[in-house]
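Asker: Build me a model from this:
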Amino acid sequence: MMQKGVLLTLCLFTGLSAAEVYRWTDADGQVHFGDKPPAGGAAPETEVIDEESLSPDNTFEPQHEDYQGTGTDYLKREKRVKAERKARRLRREKEQAAAEKKQRNCRNARDNYRRFNLVKKRAESLAALMKQRQRRDNLKARIKRYCY
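Answerer: Model (predicted):
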């Protein structure tokens, strides 16, 4: 009795494994798959698909004959891309910090020059006058260096 059950089960599975899969396109351009040909006879676009050639999509197999990589090359590429993004982000942050520092220095240099010009002291001597002019020239030079 047990042998008949096993034999019957094997017969069922062999019939399923020999089934063909049909693919056809209807008049609306819709693609259909089935184990029977389309109703109304075989359309000219009907094609029988060999089940042996089908493989699951989740397997890692080369999609092209000229593919020479391995599964780890994707990880290497991902790691490289992340490193490049990080380097770009750090460079941008560094440039932004430098620009902010330059703006701050420019603002300070202009403020110092304005404060210097607000208070006009009368020079007591030629040496004091020369010192005031030199200080003003230094402040102008700082404005040129940081603002232009």
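Asker: Could you give the average pLDDT over the host helix or strand of Arg91?
Answerer: Take DSSP states H and E as the rule and Arg91 turns out to sit in helix 72-118. Per-residue pLDDT values across helix 72-118 average out to 92.
Asker: packing partners for that helix?
Answerer: For helix 72-118, the helices and strands in contact under the criterion 3 or more C-beta pairs under 8 Å, 6 or more residues apart in numbering; DSSP states H and E are helix 126-147. C-beta: built from backbone N, CA, C; applies to glycine.
Asker: quick one: buried residues of the helix it packs on?
Answerer: Within helix 126-147, the residues scored as buried using 16 or more other C-beta atoms under 10 Å are 139, 142-143, 146.
Asker: can you give me the angle it makes with helix 72-118?
Answerer: Helix 126-147 runs at 150 degrees relative to helix 72-118, counting by axes from the mean of the first three to the mean of the last three C-alpha atoms, to 10 degrees.
Asker: Quick one: residues in contact with helix 126-147.
Answerer: The contact list for helix 126-147 (C-beta atoms under 8 Å, 6 or more residues apart in numbering) reads 102, 105-106, 108-110, 112-113, 116-117, 121, 123.
Asker: What subset of the residues you listed is buried?
Answerer: In terms of neighbour count (16+ other C-beta under 10 Å), the buried residues within these are 106, 109, 113.
Asker: Please tell me how far Asp137 sits from Lys82.
Answerer: 51 Å (C-beta to C-beta, to the nearest Å).
Asker: same check, this time on Ala127
Answerer: Distance of Ala127 to Lys82, computed by C-beta to C-beta: 63 Å.
Asker: now swap in Asn138 and tell me
Answerer: From Asn138 to Lys82 the distance is 47 Å (C-beta to C-beta).
Asker: again with Phe33
Answerer: Computed as C-beta to C-beta, the Phe33 to Lys82 distance reads 40 Å.
Asker: Could you tell me the end-to-end distance of stretch 118-134?
Answerer: With C-alpha to C-alpha, to the nearest Å applied, stretch 118-134 spans 17 Å between its terminal residues.
Asker: beta partners of Thr22?
Answerer: Just so we're on the same page, residue 22 is Tyr rather than Thr. Gly34, Val48 (DSSP bridges).
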